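> Could you look at this predicted model? Sequence included:
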Amino acid sequence: MITQMQVKGLMFDPYNNAYIIILRDDDQVEMLPIWVGKAEASSISLALEKVAPPRPMTHDFMKSYLDAFDAKVISVVITDLNENTYFAKIHLMYGDSEYAVDSRPSDAIALALRTEAPIFASESVIRKQSSDELGQWLENLKPEDFGKLDS
Amino acid sequence: MDGGSPQGSGPLIQLLVDRVVEDPATDTRIVVLARKDGDLEHFMVWVGASEGEAIKRALDTSVTTRPMSHDLIKSCGEHLGITTARVVLTDVKSSTYYATVFLENKGVTRTLDARPSDAIALALRCQAPIYVTPDVWQRRSGQQLDAWLSKLETKNIGA
């Protein structure tokens, strides 16, 4: 079972000096936070805000690489969570064949947002991520932590 | 050699990535490229910190637990049968360099506009040659930078 997720936001985690992508399912029941680095967060932020940078950023380049040969991103799936590392698969359609490429979730999400491909999370990943823990963590955040991402 | 030499201004010059240097004054990296023909002059491109690290990782052939962005592009290419034939630094406008990546698949060639940092990071991972047009080579940034760079590196050693 996989659940479709939407990127709900991006915020700064001052404790880990990292960024968090918040994924939620369409029913707003499940929440999946994914910790990413600054460059990855910046790339996702550009896609979320639909900002076209003057020069192609890495994921824009990745998209045009696939576009050049008419390879399509069908979907991306966050497949596993192991010792705080998330795993993802990018599903590509090329000719008549489908390919699943191993990826970090940050790259998968940055690419999905640019290609308008749906983002899914496997049930096991959602189950492993305890929302209680996240709720507690969110409560401890101060309002100023929710600043706009500077990229 | 064919392609990428826009005004027929002579053959392309092949470059090898020599090293990636940290610019301590700013949060940037300097990618230092050397000519393959042994000419001692260098070509330098300023890139962001994460772009510089992506090039450095390829240069050091260091392996990360998870595929980084350019590893992912390479891996997509391997799945789909796309090869990176070469990359060419084709233009420079207001100190911004432009690169073209030449891709091949089943005899079909496609060219992509790219930032030099992405082009170089991919080329190193795919063992694709890196070229610069004679025009861009002539217009490269500050040729006295070699001296500045060696000073910078000496200073870093002491730090």
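Received the coordinates, thanks.
> So which residues on chain B come close to chain A?
Proximity of chain B to chain A, by C-beta under 8 Å from any C-beta of the partner chain, involves residues B:48-51, B:54, B:65-70, B:72-73, B:75-77, B:79-80, B:82, B:96, B:101, B:103, B:105, B:108, B:110, B:112-115, B:118. All C-beta atoms are positioned from the backbone trio N, CA, C, and that covers glycine.
> and those residues, which of them are in helices?
Counting by DSSP state H, the part of these found in helices is B:49-51, B:54, B:69-70, B:72-73, B:75-77, B:79-80, B:118.
> Now the buried members of those residues.
Among those, the ones that count as buried by 16 or more other C-beta atoms under 10 Å in any protein chain shown are B:50-51, B:54, B:69-70, B:72-73, B:75-77, B:79-80, B:118.
> Farthest pair within those?
Greatest spacing in those, by C-beta to C-beta: B:Ser50 and B:Leu80 (25.5 Å).
> could you pull out the strands for chain A?
With DSSP state E as the criterion, chain A has strands at A:2-13, A:18-25, A:31-36, A:72-82, A:85-94, A:97-103, A:119-122.
> Neighbouring strands of the last one in the sheet, and parallel or not?
Okay, so that is strand A:119-122. strand A:2-13 (antiparallel), strand A:72-82 (parallel) (DSSP bridges).
> any weak-confidence spans in chain A?
A:129-151 (pLDDT under 70).
> what does it have sitting close to chain B?
A:37-39, A:55-59, A:61-62, A:64-66, A:68-69, A:71, A:85, A:87, A:90, A:92, A:94, A:99, A:101-104, A:107.
> Buried among these? Make that a ChimeraX selection.
A single ChimeraX command selects the buried members of the residues of chain A next to chain B (16+ other C-beta under 10 Å):
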select /A:38,39,55,56,57,58,59,61,62,64,65,66,68,69,71,87,90,92,94,99,101,102,103,104,107
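> Work out which residue lies at the spatial centre of chain B.
B:Ile120 (3.4 Å; C-alpha atoms, centre = their mean).
> Assumed that residue was part of a helix.
Yes - judged by DSSP: H, G, I helix; E, B strand; the rest coil, B:Ile120 forms part of a helix.
> Next, find the distance separating it from chain A.
Distance of B:Ile120 to chain A, computed by C-beta to the nearest C-beta, to the nearest Å: 12 Å.
> Leaving out chain neighbours, which residue sits closest to that residue?
Nearest in space to B:Ile120, with sequence neighbours left out and distances taken as C-beta to C-beta, 6 or more residues apart in numbering or on different chains, is B:Ile55 at 5.5 Å.
> cool, and B:Cys126?
Using C-beta to C-beta, 6+ apart and skipping the chain neighbours, the partner closest in space to B:Cys126 is B:Thr84 (4.0 Å).
> Which helix or which strand is home to that neighbour?
strand B:83-93 (DSSP states H and E).
> Partner strands of that strand and their direction?
Counting by DSSP bridges, strand B:83-93 is paired with strand B:96-105 (antiparallel), strand B:130-132 (parallel).
> any idea which of those is most buried?
Of all the strands paired with strand B:83-93, strand B:130-132 carries the top mean neighbour count, a mean of 25, counting by mean count of other C-beta atoms under 10 Å in any protein chain shown.
> Check which helices and strands the helix or strand that that one is followed by sits against.
Next in sequence after strand B:130-132, counting helices and strands by DSSP H and E, comes helix B:134-138. In terms of contacts (3 or more C-beta pairs under 8 Å, 6 or more residues apart in numbering or on different chains; DSSP states H and E), helix B:134-138 is packed against strand B:83-93.
> How about residues contacting the strand it packs on?
The contact list for strand B:83-93, computed with C-beta atoms under 8 Å, 6 or more residues apart in numbering or on different chains, reads B:3-4, B:6, B:12, B:15, B:43, B:45, B:74, B:77, B:97-105, B:109, B:114, B:116, B:119-120, B:122-123, B:126, B:128-133, B:136, B:139-140.
> switch to 6 Å and redo it
Here strand B:83-93 makes contact (C-beta atoms under 6 Å, 6 or more residues apart in numbering or on different chains) with B:4, B:97-102, B:104, B:116, B:119, B:122-123, B:126, B:128-133, B:136, B:139.
> And for stretch B:98-105?
The set of residues external to stretch B:98-105 that reach it, using C-beta under 6 Å, 6+ apart, is A:69, B:81-83, B:85-91, B:110-112, B:114, B:116, B:119.
> now could you export just the CA positions of that stretch as PDB?
The C-alpha trace of stretch B:98-105 is given here as PDB (Å, rounded to 0.1, in the frame of the first residue of the first chain):
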ATOM      1  CA  TYR B  98      27.800  28.500 -19.800                       C
ATOM      2  CA  ALA B  99      28.200  24.900 -20.500                       C
ATOM      3  CA  THR B 100      26.700  22.500 -23.000                       C
ATOM      4  CA  VAL B 101      26.400  18.800 -22.200                       C
ATOM      5  CA  PHE B 102      26.400  16.400 -25.100                       C
ATOM      6  CA  LEU B 103      24.300  13.200 -24.500                       C
ATOM      7  CA  GLU B 104      24.000  10.200 -26.700                       C
ATOM      8  CA  ASN B 105      21.600   7.300 -26.900                       C
END
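> If anything else comes up later, I'll come back, but that's it for now.
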